[in-house]
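Engineer: Make a model of this:
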Amino acid sequence: MKQRDPDFGEFVLHLWRERIQDAAKRAVEQIAAGDTQLAYTADCGTTWIARRAVLCICIFAFSGFALLLAGTLRAEATLAGANLIYVVLLGVGGVVFPLTKFPRGARPLLELLPTGALSTGLRDVLAGGAAFPVKDAATLAIWAVAGITLAARFFRWE
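Structural biologist: A predicted model of the protein is given here:
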């Protein structure tokens, strides 16, 4: 069994820190440049900050688990596992079928999946005009922390 690189966790955290700083810098540059199309969207009445926040948290969540999957399985198993997870989460996460089509007792559990939180949060922001989906963002943040922490702990180079 191969030993994992003890500095990989620091590498992952440094990489994410750089990405967050870069995203914040770009957002400030766009606001300073007066990019009014990104500042608000008149047709749905939501701010671009809520949309981007949900999407950024989602990217962190899915990236963490992608690194975990890729760093712990062989390439063939990673491909098969990622496709299986993708199809299952599309079906039960409110992307292909709305969560309202599932039994009432299953909905709270399905909303705790990352795709359930993402689909519900974006639907609330884009279609419902919600200011910021706190519950869905918190769910995605928990998935993000768990995924990145597990990836930093178990990732190994082949």
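Engineer: Run through the helices of this protein in chain order.
Structural biologist: For the chain, the helices defined by DSSP state H cover 8-32, 36-39, 48-72, 75-92, 107-110, 114-126, 134-154.
Engineer: For the fifth one, buried residues please.
Structural biologist: Burial within helix 107-110, assessed by neighbour count using 16 or more other C-beta atoms under 10 Å, is assigned to 107, 110. C-beta: built from backbone N, CA, C; applies to glycine.
Engineer: Contacts only, for the most centrally placed residue in the chain.
Structural biologist: Ranked by distance to the mean C-alpha position of the chain (C-alpha atoms, centre = their mean), the top residue is Cys58 at 1.4 Å. By C-beta atoms under 8 Å, 6 or more residues apart in numbering, the contact set of Cys58 is 114, 117-118, 140.
Engineer: and the gap between it and Ile49?
Structural biologist: 15 Å (C-beta to C-beta, to the nearest Å).
Engineer: same thing with Phe97?
Structural biologist: Noted for Phe97: a distance of 29 Å to Ile49, by C-beta to C-beta.
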